[in-house]
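Trainee: Pasted the sequence and its predicted model underneath.
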Amino acid sequence: MNEREQEGTIARLGRSARTAASMVVLALVVGLASGCGSSGGGSSSSTTAAAKSASGLAPIHGTYSPSIDPKNFVRKIDNRYFPLEPGTTFHYKGVHENGRTPQTDDEVVTHQTKKILRVTCTVVRDTVSSRGKPIEKTFDWYAQDKGIDGAQPGIIMPGSPHRGDAYRQEYYPHHALDQARVLGSGGAVEVPYGSYKDTLLTVETSPQIDPGVAERKYYVAGLGDIKEKTVSGNREQIELVSVSR
């Protein structure tokens with residue numbers, strides 16, 4: 001991933017996961033904006049290497065050992081399907097894996113940054129709650145990274161997603177091995193926050209950690225993730241309710 005590939009690609013550079021009770025760090029995975037520019041017309045390098053697909057940069061099969069040059073990336077994360085503007089809060093509502101227990105998810109794009117392996121990352125605070133009680137808290141660090149403790153970079157959203165793209169989202173053996181595939185258009189989708197005629201649809205799985213579980217996610221250009229629904233393995237679902245800036 002040391003080539004500039006698709007400008008504006010997003011990957012998770014790190015995650016400090018903790019439960020509300022134990023506050024124990026569970027893993028450091030990956031999250032970053034990979035590309036020396038942006039899909040929204042941001043600054044870019046005067047030289048651009050040959051583009052590579054998400055499938056080639058973060059392959060889901062075979063040996064996975066990405067190489068990343070921090071010089072190739074910028075601080076601003078403005079991928080059109082995964083924009084992270086500091087000060088923005090995404091509020092989701094839905095149900096737990098059992099399909100009944102209500103839960104909420106608040107993702108706060110903070111003004112904080114964290115430097116990991118010389119890369120400045122945007123810090124996102126993610127809190128999942130049920131009936132008003134936090135059940136999971138994480139800090140996700142988005143930027144670019146070479147990996148920590150055996151973790152390697154993974155792509156969250158390609159800069160130019162194409163149907164059939166399959167890529168790793170995080171790679172921390174025995175802890176986090178999520179992968180995704182772009183299915184193409186998700187068609188019209190309505191959530192509490194609004195109605196959208198055009199969406200991008202992906203499916204996420206983790207065969208080694210959660211075999212049999214598949215989750216579909218719907219994205220809107222300029223906004224981001226608006227709906228997540230597990231289609232096999234359990235009945236978890238959340239939808240975007242509000243966005244504040």
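Mentor: Right, received. Where do you want to start?
Trainee: Tell me which helix or strand in this protein has the weakest average pLDDT.
Mentor: Within the chain, judged by mean pLDDT, DSSP states H and E, the helix or strand with the poorest mean is strand 31-34; its value is a mean of 38.
Trainee: Name the SS class of residue 63, please.
Mentor: coil (DSSP: H, G, I helix; E, B strand; the rest coil).
Trainee: Quick check: which ranges of this protein have low pLDDT?
Mentor: Scanning the chain with the threshold set as pLDDT under 70 gives 1-52, 67-68, 117, 143-150, 153.
Trainee: Geometric centre of this protein: which residue is closest?
Mentor: residue 156 (3.7 Å; C-alpha atoms, centre = their mean).
Trainee: Check whether that one really touches residue 167, as I assumed.
Mentor: No. With contact defined as C-beta atoms under 8 Å, residue 156 does not reach residue 167; the gap is 9.2 Å. Heads up, the C-betas are built off the backbone N, CA and C, glycines and all.
Trainee: hmm, back to that, and after the least confident helix or strand of the chain, which helix or strand comes next?
Mentor: Using DSSP states H and E, the next helix or strand after strand 31-34 towards the C-terminus is helix 54-57.
Trainee: Could you export the next helix or strand after that following helix as PDB, CA atoms only?
Mentor: Remark: after helix 54-57, the chain's next helix or strand is strand 89-95, criterion DSSP H and E. Extracted in PDB, the C-alpha atoms of strand 89-95 (Å, rounded to 0.1, in the frame of the first residue of the first chain):
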ATOM      1  CA  THR A  89     -21.400  13.000  15.700                       C
ATOM      2  CA  PHE A  90     -23.300  10.100  14.000                       C
ATOM      3  CA  HIS A  91     -26.100   8.700  16.100                       C
ATOM      4  CA  TYR A  92     -27.500   5.300  15.200                       C
ATOM      5  CA  LYS A  93     -30.400   3.200  16.700                       C
ATOM      6  CA  GLY A  94     -31.100  -0.400  16.200                       C
ATOM      7  CA  VAL A  95     -31.300  -3.800  17.900                       C
END
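Trainee: What's the biggest strand in the chain, counting residues?
Mentor: strand 102-116 (DSSP state E).
Trainee: returning to what we had before: what's the distance between the residue nearest to the centre of the chain and residue 204?
Mentor: 10 Å (C-beta to C-beta, to the nearest Å).
Trainee: what's the overlap in contacts for the two?
Mentor: residue 169 (C-beta atoms under 8 Å, 6 or more residues apart in numbering).
Trainee: Residue 134 contacts residue 127, correct?
Mentor: Yes. With contact defined as C-beta under 8 Å, residue 134 reaches residue 127; the gap is 5.5 Å.
Trainee: rewinding a little: helices or strands up against the host helix or strand of the residue nearest to the centre of the chain?
Mentor: Residue 156 belongs to strand 154-157 when elements are defined using DSSP H and E. Contact partners of strand 154-157 among helices and strands, from 3 or more C-beta pairs under 8 Å, 6 or more residues apart in numbering; DSSP states H and E: strand 9-18, strand 31-34, strand 166-168.
Trainee: List the neighbouring strands of the shortest one plus their orientation.
Mentor: Yep, that's strand 166-168 we're talking about. Note on strand 166-168: by DSSP bridges, its sheet partners are strand 179-185 (antiparallel).
Trainee: List the buried residues of the strand it pairs with.
Mentor: 179, 180, 181, 182, 183 (16 or more other C-beta atoms under 10 Å).
Trainee: Report the beta-bridge partners for the second one.
Mentor: Meaning residue 180. residue 167, residue 204.
Trainee: That one and residue 64, how far apart?
Mentor: From residue 180 to residue 64 the distance is 14 Å (C-beta to C-beta).
Trainee: Only the buried residues of stretch 96-112, if you could.
Mentor: 96, 103, 104, 105, 106, 107, 108, 109, 110.
Trainee: Cheers, nothing more for now.
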